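>>> predicted model and sequence follow; I will ask about them next.
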Protein chains: 2
Amino acid sequence: MARSCDECGVRDRALCASLGDDELVTLGRLGVQRRLARGDTLIRAGDPPLVCANLQSGVMKIATLTPAGTESIVGLLYPGDFIGRPFATANEHDVIALTDVELCVFPRAMFERVLADHQRMEHLLLQRTLAELDRARRWLTRMGRATAAARVAGFLDDMGRRLAMPDCQRSALAGPDSQRSGGVARSMAYDLPLSRGEIADLLGLTIETVSRQMTRLRAAGIIGLPGGRGIVINDPSALAAAAEEYV
Amino acid sequence: MARSCDECGVRDRALCASLGDDELVTLGRLGVQRRLARGDTLIRAGDPPLVCANLQSGVMKIATLTPAGTESIVGLLYPGDFIGRPFATANEHDVIALTDVELCVFPRAMFERVLADHQRMEHLLLQRTLAELDRARRWLTRMGRATAAARVAGFLDDMGRRLAMPDCQRSALAGPDSQRSGGVARSMAYDLPLSRGEIADLLGLTIETVSRQMTRLRAAGIIGLPGGRGIVINDPSALAAAAEEYV
DNA sequence: GCCGGGCATTGATCCCGATCAAACCGCCCG
DNA sequence: CGGGCGGTTTGATCGGGATCAATGCCCGGC
């Protein structure tokens, strides 16, 4: 666990990238390092928003309990991502660790003051939030019209791309063992941070359907399932194509 | 159509609410008033983002064409809403008029400069974007797990609430003929700005299913369908309850 | 009036994914 | 080594919503 911001693995990827070294010292004093174990809850829906945070390592989920009691996952958080809902009166969603995670946590009121004082940081947060909104809306069209096969393929594709990004290399997960080179997607392997049940919650499917679609993709030679949560993407372009199967 | 910002119906509801009267004059010179007819496209997915705008009256949709060619609607825009995607290199979605609309349009680069100069406006945009993200995520859980009945009920409920808000009173739509008073929801009537097909695109259903669910709600006495696009909500609390039918 | 076209409703049937049910597979612990 | 337990896979059946098809309704043009 990083002692100071200098050692922070996401120093130039998180919102803090908008700060100079001197400002960072000030912010560093406000934030406290925290570890959460897999399954721990950082933020609970309905509670007043007490904290904001930067995710340093691991993966978290943004989720809600539906009236029927099943959980719906509406987003995932990766290293470097900002967590929390400044300016709100209540949290809309739970934020829960999918793996063991490391966080840099700030009291919300204090964080809002920092935002007001550092226009570049507020600006960066705006850009990210706009991008996140686009991403949520892309997800929305997938939830609206994609078949079960396309949802699973799209999920595996997205996850592969995300975990291939540099800031996930040093995370608790097994790193991808190969990379995209020269625009051509090469095969890669990684461990899913989610259980089958969580994937089902994310995709609006059941565990059984997720499992069946995965075995279909394996039977087609597109992916390998070495056991546990391991995934091998043998044919990334076929996977991407499978993700386009819309109604 | 308003000649100046003073006459603008959404002056204190749009992003401009963050500006003083003097600043408003400057901004007013940058913006140009535009009318669009029902069905006209303001922004096309894939194009570089040339414009931002404030919606003054009418309703618009944010939509994408799926690989299969059907349209998926990922959001609606009402009077006072901000339109556009500053800081992006390409538009992710189409923005299309559902009714005749009035807009106040700005060149994007110019609008970005205004944001940089007016921290309060950028702040307001951030707050709205965060709220919009929450709304998109709430929608996401509905798309993931709600039954067809709950989707339709939820849509009618949301639309009723939105059109009951003050800034829609003077729009091209028939205004609601009664209001919620003292926290108790009263019956109301309005005209839907969307066709059955558009509702289907929004909810990830087919036209036939939307139609059937509406007749079910009418048969239950919860709503009335006076013809055309008219909607009468007889029993708002029953409608809200029907919107909670999740898997 | 009468026709024609666009949208909405209603009906019949089909199919994908949910549900119910039963193995199967590590993995930890005795 | 056996047994139990959580998670995953596989199988059989069911049902909600899609699909295919026909009819109805409204409105505008002539």
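All right, it came through fine.
>>> quick one: the biggest helix by length in chain A to helix B:119-145, angle?
Determined from DSSP state H, the single longest helix within chain A is helix A:119-145. Using axes from the mean of the first three to the mean of the last three Cα atoms, to 10 degrees, the direction of helix A:119-145 lies 20 degrees away from that of helix B:119-145.
>>> count the residues that sit near A:A109.
Counted with other Cβ atoms under 10 Å in any protein chain shown, residues neighbouring A:A109 total 12. All C-beta spots, glycine's among them, are computed from the backbone N, C-alpha and C.
>>> beyond the longest helix of chain A, next helix or strand please.
For helix A:119-145, the following helix or strand on the C-terminal side (DSSP states H and E) is helix A:148-164.
>>> packing partners for that following helix?
helix A:119-145, strand A:188-191, helix A:196-203, helix A:207-219, strand A:230-233, helix A:236-242 (3 or more Cβ pairs under 8 Å, 6 or more residues apart in numbering or on different chains; DSSP states H and E).
>>> next up, phi/psi of the residue nearest the centre of chain A, please.
Most central in chain A under Cα atoms, centre = their mean is A:L77, positioned 2.5 Å from the mean C-alpha point. Note on A:L77: its backbone torsions stand at phi -120, psi 130 [degrees, to the nearest 10].
>>> hmm, A:Q56 and it touching each other?
No: applying Cβ atoms under 8 Å, one finds A:L77 not in contact with A:Q56, separated by 11.1 Å.
>>> ok, which of the helices and strands packed on helix A:148-164 comes nearest DNA strand C?
Taking Cβ to the nearest atom of the strand, helix A:207-219 is the member of these nearest to DNA strand C, at 3.1 Å.
>>> counting contacts, what elements does that closest one pack onto?
Using 3+ Cβ pairs under 8 Å, 6+ apart as the test, helix A:207-219 ends up in contact with helix A:148-164, helix A:196-203, strand A:223-224.
>>> CA atoms of stretch A:130-139 as CSV?
Output of stretch A:130-139 as CSV, limited to C-alpha atoms (Å, rounded to 0.1, in the frame of the first residue of the first chain):
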residue,chain,number,x,y,z
LEU,A,130,-19.6,12.8,-19.5
ALA,A,131,-17.6,9.9,-20.9
GLU,A,132,-19.2,7.6,-18.2
LEU,A,133,-22.6,8.8,-19.3
ASP,A,134,-21.9,7.8,-22.9
ARG,A,135,-20.7,4.4,-21.6
ALA,A,136,-23.8,3.9,-19.6
ARG,A,137,-25.9,4.7,-22.6
ARG,A,138,-24.0,2.3,-24.8
TRP,A,139,-24.7,-0.3,-22.2
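>>> go through it and flag the buried ones.
Judged by neighbour count (16 or more other Cβ atoms under 10 Å in any protein chain shown), stretch A:130-139 contains these buried residues: A:130, A:132-134, A:136-139.
>>> what of stretch A:49-68?
Under the neighbour-count criterion of 16+ other Cβ under 10 Å, stretch A:49-68 has A:49, A:51-64, A:66 buried.
>>> is any part of stretch A:199-216 close to DNA strand C?
Yes: for stretch A:199-216, a contact with DNA strand C is found by Cβ under 7 Å from any atom of the strand, at A:204-206, A:208-209.
>>> which two among these are spaced furthest apart?
Maximum pairwise distance among the residues of stretch A:199-216 next to DNA strand C (Cβ to Cβ): 13.7 Å, between A:G204 and A:E208.
>>> wait, which of the buried residues of stretch A:49-68 is closest to chain B?
A:T66 (4.2 Å; Cβ to the nearest Cβ).
>>> the closest one is in contact with B:M143, isn't it?
No: taking contacts as Cβ under 8 Å, A:T66 lies outside contact range of B:M143: 11.7 Å.
>>> contacts only, for the residue nearest to A:G28 when sequence neighbours are not counted.
In space, and not counting its chain neighbours, A:G28 is closest to A:C5: 4.5 Å by Cβ to Cβ, 6 or more residues apart in numbering or on different chains. Counting by Cβ atoms under 8 Å, 6 or more residues apart in numbering or on different chains, A:C5 touches A:11, A:16, A:24-25, A:27-28.
>>> kindly recompute the last result at 10 Å.
By Cβ atoms under 10 Å, 6 or more residues apart in numbering or on different chains, A:C5 lies in contact with A:11, A:14, A:16, A:19, A:21, A:24-25, A:27-29, A:31, A:104.
>>> give me the pLDDT for it.
pLDDT recorded at A:C5 is 85.
>>> against A:R11, how distant is it?
A:C5 sits 6 Å away from A:R11, going by Cβ to Cβ, to the nearest Å.
>>> helices or strands next to the helix or strand of chain A with the lowest mean pLDDT in the packing?
When the helices and strands of chain A are scored by mean pLDDT, DSSP states H and E, helix A:21-30 comes last with a mean of 87. If contacts are counted by 3 or more Cβ pairs under 10 Å, 6 or more residues apart in numbering or on different chains; DSSP states H and E, helix A:21-30 sits against strand A:101-107, helix A:108-117, helix A:119-145.
>>> who's in contact with it?
A:2-6, A:8, A:11, A:15-19, A:104-107, A:110-111, A:113-114, A:117-118, A:120-121.
>>> which residues of chain A lie near DNA strand C?
So chain A meets DNA strand C at A:147-149, A:204-206, A:208-209, A:227-228 (Cβ under 7 Å from any atom of the strand).
>>> coming back round to it: mutual contacts of A:L77 and A:Q56, please.
Contacts common to A:L77 and A:Q56, judged by Cβ under 10 Å, 6+ apart, are A:V101.
>>> return the subset of the buried residues of stretch A:49-68 lying in strands.
Among the buried residues of stretch A:49-68, the members found in strands (DSSP state E) are A:51-57, A:60-64.
>>> closest to DNA strand D among these?
Using Cβ to the nearest atom of the strand, A:K61 is the member of those that sits closest to DNA strand D, with 14.4 Å.
>>> quick one: contacts for that closest one?
Going by Cβ under 10 Å, 6+ apart, the list of residues near A:K61 reads A:71, A:73-77, A:93-98, A:193-194, A:198, A:201-202.
>>> run the last query once more with 6 Å
With contact set as Cβ atoms under 6 Å, 6 or more residues apart in numbering or on different chains, A:K61 has these partners: A:73, A:76, A:96, A:98.
>>> of the residues you listed, grab the buried ones for ChimeraX.
Filtering the contacts of A:K61 down to the buried ones (16+ other Cβ under 10 Å) takes a single ChimeraX command:
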select /A:73,76,96,98
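>>> could you dump the contacts of A:K61 to CSV with secondary structure and pLDDT?
Formatted as CSV, the contacts of A:K61 follow (DSSP: H, G, I helix; E, B strand; the rest coil; pLDDT from 0 to 100):
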residue, secondary structure, pLDDT
A:I73, strand, 98
A:L76, strand, 98
A:I96, strand, 97
A:L98, coil, 96
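>>> who in chain A is up against DNA strand D?
Counting by Cβ under 7 Å from any atom of the strand, chain A sits next to DNA strand D at A:195-197, A:207-208, A:210-212, A:214-215, A:225, A:229, A:247.
>>> show me which pair in those residues is furthest apart.
A:R229 and A:V247, at 29.4 Å, using Cβ to Cβ across the residues of chain A next to DNA strand D.
>>> re earlier: which of the helices and strands packed on helix A:21-30 sits closest to B:G221?
Across those, B:G221 has its closest neighbour in helix A:119-145 (29.5 Å, Cβ to Cβ).
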